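Asker: sharing a model prediction with you, sequence too.
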Amino acid sequence: SSGINAEYGAWLLVLQVLTVHSVTQPNIVMMIADDLGWADVPWNDALTIAPTLTSLADTGIILDRHYVQPICSPTRSALMTGKYPSRLGLNHDTINAGEPYGLMANETIIANYMSELGYSCHAVGKWHLGYCSWDLTPTKRGFDSFYGYYNGHETYYTKETHNFFDFRLDTPADNGTVNSEVVWSANGTYSTVNYANRAAKVVAEHDQSKPLFLYLPMQSVHKPNEVPDSYYQMYEGIVENEKRRTLLAMVTAMDDAAEVVVSALKQAGMWDNTIFIFFSDNGGPLKGIGNGQVNYPLRGGKYSYWEGGIRSSSFVHSPMLPGGVINREMLHVTDWLPTLGHLAACGVEPATMCSGPDMGDIDGVNQWNAIVGAGKSNRTEFLVNIDPKKKNAALRWGPWKLYHGNPGNGDWIPPPRINEELYNKQFTDAKNGINEFDTEWEMEYVFSDGPDPDSIMLFDVEADPAETKEVSKANPDVVKAMLDRLTYYQSRTTPPRNCPRDPASDPALFGGVWTPWLKSC
């Protein structure tokens, strides 16, 4: 009953906030790219053709110090709960197909809060937070609909992972279950187009007596490299390297999806009251497991703790906000939950007298004032990760970044126009015959070289963002203080909950479709 009382008390606070302040609740669109590299966006590489995202970023607020987790499921869990994945047991690798675990059903997530605050909440794209039981799926967790796939990857046209189909439209059923329709008709169409059209439909059919929260986690630009030829041809004479050209063509296709969503919002008369948020779930993968991404001049990539793995290309745009701004405040993906809670309760104006709902013991902090330039960041540190299986950890503290153990592959891979030989060499390094989607092997591969588990490295990433100069010997007091902070975070760490695929999840038992198979998990 104490939990119920706590929730009721938090809800009363929300009601009081909404009653005292005459608040116009903004529509919020959150578009998340998948595996997008630091230099895969036009504001970091001018060769990328993405006019819509370019315009939104240039006339918006580029978040130059926006950090995420090194891989997919951990970033999504941090976004949804406002908690570090190490507290959720999601701090090692990702949730793979048929594995009987996920983001636990007793965790309150972003859609729960937003729906309580009066929002219609819709998810379009990639889930990747577990689906072993229906209780872990989006429409059992506050979303009014979900259109997309449950797993972490699939083909863009045939919608298959591990040779089975994964694409559906979910809505809540009156009896508390899920109405789930397998969308076989999507087979053969390009997923980026599917998501754009679905998002536009959600906007067009939205009841504007309520604000809209549209969660749009895209498939682009995760492998495999698939894109309509019309986009590939746009780079004729601009980018000759085939892998890089295909990857950038996928970015351009995603940009068209952004244009479709923005146009739908404008046509519905909703754009002027919309906040559009864009970021990548992690850096681009490198070292033979990537499909053409570039994080240069940042070091490392997906899976690793280097800046190239966790510093995310990001911006916020709204007609209600100032534009042409590069924001260099420290932001972390856990901050979005309390920040959106603030927006829902208080509106877009910077405020000190208004706060969002009580979200309990979370790691995220409300960063709205920092984002719009009305204050400094509300954090001076964040935990990159603690992985007991890998025996490694990393922490950002002020300008410093500490690595304990092997942070993963730390190569600097420039775009092919700078060094084509080095860019191409990474693709020949991969293990022959690797399964297209063998993520556990990918992780082992990224961490296969590097320092031993007891090593300590320190970098001043404000002065040295490319992490070229290791300075632990010159700063022993900083190292000690940061190890003390890691000890604190270690005390709040839950053992990783990874477990092998359950044979009972075999899609052959469910008509060839990846489907929830347990009553609870």
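Answerer: Alright, I've got the coordinates.
Asker: what lies in contact with the strand or helix carrying Asn369?
Answerer: Asn369 belongs to helix 368-371 when assigned by DSSP states H and E. By Cβ atoms under 8 Å, 6 or more residues apart in numbering, the surrounding residues in contact with helix 368-371 are 61, 63, 316, 327, 329, 331, 339, 342-343, 346, 348, 350-351, 375-378. Bear in mind the C-beta positions are built from the backbone N, C-alpha and C, glycine included.
Asker: pretty sure Gly308 contacts Pro285?
Answerer: No - counting by Cβ atoms under 8 Å, Gly308 sits too far from Pro285 to count as a contact (9.9 Å).
Asker: could you tell me which residues touch both of those two?
Answerer: Gly301.
Asker: between those two, which one's more packed in?
Answerer: Gly308 (34 against 28; other Cβ atoms under 10 Å).
Asker: downstream of the helix holding Asn369, the next helix or strand is which one?
Answerer: In N-to-C order, the element after helix 368-371 by DSSP H and E is strand 381-387.
Asker: which stretches in the stretch 301-450 of the chain count as strands?
Answerer: 314-317, 325-327, 331-332, 381-387, 392-397, 400-404 (DSSP state E, counting those that start in this stretch).
Asker: tell me the mean pLDDT for the helix holding Asn369?
Answerer: Averaged over helix 368-371, pLDDT sits at 96.
Asker: can I get the strands of the stretch 301-450 of the chain in a markdown table with mean neighbour count, distance to Met443 and mean pLDDT?
Answerer: Below are the strands of the stretch 301-450 of the chain laid out as a markdown table (neighbours: other Cβ atoms under 10 Å; distance: least, Cβ to Cβ, whole Å; pLDDT from 0 to 100):
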| stretch | mean neighbour count | distance to Met443 | mean pLDDT |
| --- | --- | --- | --- |
| strand 314-317 | 24 | 24 | 98 |
| strand 325-327 | 17 | 32 | 96 |
| strand 331-332 | 28 | 22 | 98 |
| strand 381-387 | 23 | 9 | 98 |
| strand 392-397 | 23 | 11 | 98 |
| strand 400-404 | 24 | 17 | 98 |
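Asker: can you add distance to Val461 and give these back as TSV?
Answerer: As requested, the strands of the stretch 301-450 of the chain are arranged in TSV below (distance: least, Cβ to Cβ, whole Å):
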stretch	distance to Val461
strand 314-317	17
strand 325-327	17
strand 331-332	14
strand 381-387	11
strand 392-397	7
strand 400-404	5
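Asker: count of residues packed around Gly324?
Answerer: 10.
Asker: per-residue confidence for it?
Answerer: For Gly324, pLDDT reads 95.
Asker: do Glu349 as well
Answerer: Confidence for Glu349, expressed as pLDDT, is 84.
Asker: please apply the same query to the one 3 residues further on.
Answerer: Turning to Thr352, the model gives it a pLDDT of 77.
Asker: check the closest residue to Val446 other than its chain neighbours and give its pLDDT.
Answerer: Spatial nearest neighbour of Val446, chain neighbours left out: Tyr303 (4.1 Å); criterion: Cβ to Cβ, 6 or more residues apart in numbering. Listed pLDDT for Tyr303 reads 96.
Asker: what sits closest to Thr24 if chain neighbours are left out?
Answerer: The nearest residue in space to Thr24 (Cβ to Cβ, 6+ apart) is Gly347, at 5.4 Å.
Asker: separation between the one you found and Ile277?
Answerer: Computed as Cβ to Cβ, to the nearest Å, the Gly347 to Ile277 distance reads 16 Å.
Asker: those two - which one has more neighbours?
Answerer: Ile277 (23 against 19).
Asker: correct me if wrong: that one contacts Ile28.
Answerer: Yes - counting by Cβ under 8 Å, Ile277 touches Ile28, with 7.0 Å between them.
Asker: joint contacts of these two?
Answerer: By Cβ under 8 Å, 6+ apart, no residue touches both Ile277 and Ile28.
Asker: my read is that the residue nearest to Thr24 contacts Leu117, right?
Answerer: No - here Gly347 does not reach Leu117: they are 11.7 Å apart, not a contact under Cβ under 8 Å.
Asker: intersection of neighbour lists for these two?
Answerer: What both Gly347 and Leu117 touch, as defined by Cβ under 8 Å, 6+ apart, is the set Gln25.
Asker: and the residue nearest to Val446, how far from Met443?
Answerer: Taking Cβ to Cβ, one finds Tyr303 at 5 Å from Met443.
Asker: shaky segments in the stretch 351-500 of the chain?
Answerer: 429-437 (pLDDT under 70).
Asker: how about the helices in it?
Answerer: 368-371, 416-428, 439-446, 476-491 (DSSP state H, counting those that start in this stretch).
Asker: give me the angle between the third one and strand 381-387.
Answerer: Here helix 439-446 runs at an angle of 110 degrees relative to strand 381-387 (axes from the mean of the first three to the mean of the last three Cα atoms, to 10 degrees).
Asker: buried set for helix 439-446?
Answerer: If you call a residue buried by 16 or more other Cβ atoms under 10 Å, then helix 439-446 has these buried ones: 439, 442-443, 445-446.
Asker: what is the nearest of these to Cys72?
Answerer: Nearest to Cys72 among the buried residues of helix 439-446, counting by Cβ to Cβ, is Thr439 at 8.7 Å.
Asker: my read is that Ala50 contacts Asp255, right?
Answerer: Yes - with contact defined as Cβ under 8 Å, Ala50 and Asp255 form a contacting pair (3.7 Å).
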